[in-house]
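J.: Below is the sequence, then the predicted model.
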Amino acid sequence: MTATLENPTAKPATEHAVRLAGVHKSFGQGQRSVVALAGLDLDVAPGEFVCLLGASGCGKSTVLNLIAGLDKPTAGEIELNSSRPAVMFQEAALMPWLTAAANVELPLKLAGVSRSARKTRTGELLELVRLGGVGNKRPHELSGGMRQRVALARALASALHTSGESASRPSLLLMDEPFSALDAITRDVLQAELIRVWRSTGAAVVFVTHDVREAVRLGERVVLLSSRPGRVVQEWQVGEGADEVALVDTINHRLREVISSHAAA
Ligand SMILES: Nc1ncnc2c1ncn2[C@@H]1O[C@H](COP(=O)(O)OP(=O)(O)OP(=O)(O)O)[C@@H](O)[C@H]1O
């Protein structure tokens, strides 16, 4: 599976795939307004895998939506130095009337990629997520885990689409609790698959979760947000050979502190 990868080991020379500086986000006006983020700073390097962790409602999805350009910050800067980010959500959100292959192909079609290049790329991506044999199936014929694999392949089709202006820019994949609706065994398998796929593509990933174990397993860096309004309170590097069990304990402890300090406030 090398044709899709475009030399993944050669990380781009840019400093960051995305940088958020002093980002504020409020929803609504006046007394009823909700301050979701208050001064959030975050840099993600090209090819880096960052997990965003925090209590429910602390603003994790808001961060992804802002990076994806689905919403605008109330204040602060977001500097994207990547191709248009691809987003993957908790639900696969596939087009039910299209086959798995056609779902993966869609972003390439919308981007104007030629038919033969689309077919080749779609085949490669389905192989990459180990769905080579089911491209002709429709979503309802697939299991939940398989549908999330299709969604991953579709996100990769979008993120790794490199032509024209975006060709020299790093890819960025935004993932919002993509495995949380799956059973534990399927989730475990897909986490391993995601690590493999990430290593082979060289895309930067921002992965939102509220599961500390998932964050430590997947991330090279785990970033903990405060309770709402969200800002970064602490982060941890997860190096090769890290004691993941101890790190999970440490982060859980800090997460509980963050939640209880918010409850006491
Ligand atoms: N469009 C919106 N309008 C009003 N309030 C919103 C909107 N989107 C998010 N919020 C509020 O902003 C806060 C942060 O929401 P967000 O979905 O980003 O949190 P989260 O950390 O992703 O939560 P969870 O882990 O439960 O998914 C919440 O209080 C939420 O109710």
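T.: Great, that's in hand. Treat the numbers as computed from the prediction; the structure is a model and nothing was measured.
J.: Return the residues of the stretch 1-150 of the chain in contact with the ligand.
T.: Applying CB under 6 Å from any ligand atom, we find that the stretch 1-150 of the chain lies next to the ligand at Phe27, Gly28, Val34, Ala36, Gly54, Ser56, Gly57, Cys58, Gly59, Lys60, Ser61, Thr62. The way it works is simple: take the backbone N, C-alpha and C, and place the C-beta from them, glycine included.
J.: Could you tell me which of those residues belong to helices?
T.: Mapping these onto helices (DSSP state H) picks out Lys60, Ser61, Thr62.
J.: out of the residues you listed, which is most surrounded?
T.: Tallying neighbours with other CB atoms under 10 Å puts Lys60 at the head of these, with 26 neighbours.
J.: Could you check the pLDDT of that one?
T.: For Lys60, the pLDDT comes out at 93.
J.: Hmm, it is touching Leu225, no?
T.: Yes - counting by CB atoms under 8 Å, Leu225 is a contact partner of Lys60 at 6.4 Å.
J.: which residues are common contacts for the two?
T.: Residues touching both Lys60 and Leu225 by CB atoms under 8 Å, 6 or more residues apart in numbering: Leu52, Leu53, Gly54.
J.: ok, and the most crowded of these?
T.: Neighbour tally across these (other CB under 10 Å): the maximum, 31 neighbours, falls on Leu52.
J.: Extract the C-alpha trace of the host helix or strand of it and format it as CSV.
T.: Using DSSP states H and E, Leu52 sits within strand 49-53. Output in CSV follows, covering the C-alpha atoms of strand 49-53 (Å, rounded to 0.1, in the frame of the first residue of the first chain):
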residue,chain,number,x,y,z
PHE,A,49,-1.2,12.6,16.5
VAL,A,50,-2.8,14.8,19.2
CYS,A,51,-5.7,13.6,21.4
LEU,A,52,-7.9,16.2,22.9
LEU,A,53,-9.3,15.1,26.2
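J.: how's this structure carved up into domains?
T.: The chain breaks down by automatic domain parsing into domains covering 45-82+172-265, 94-169.
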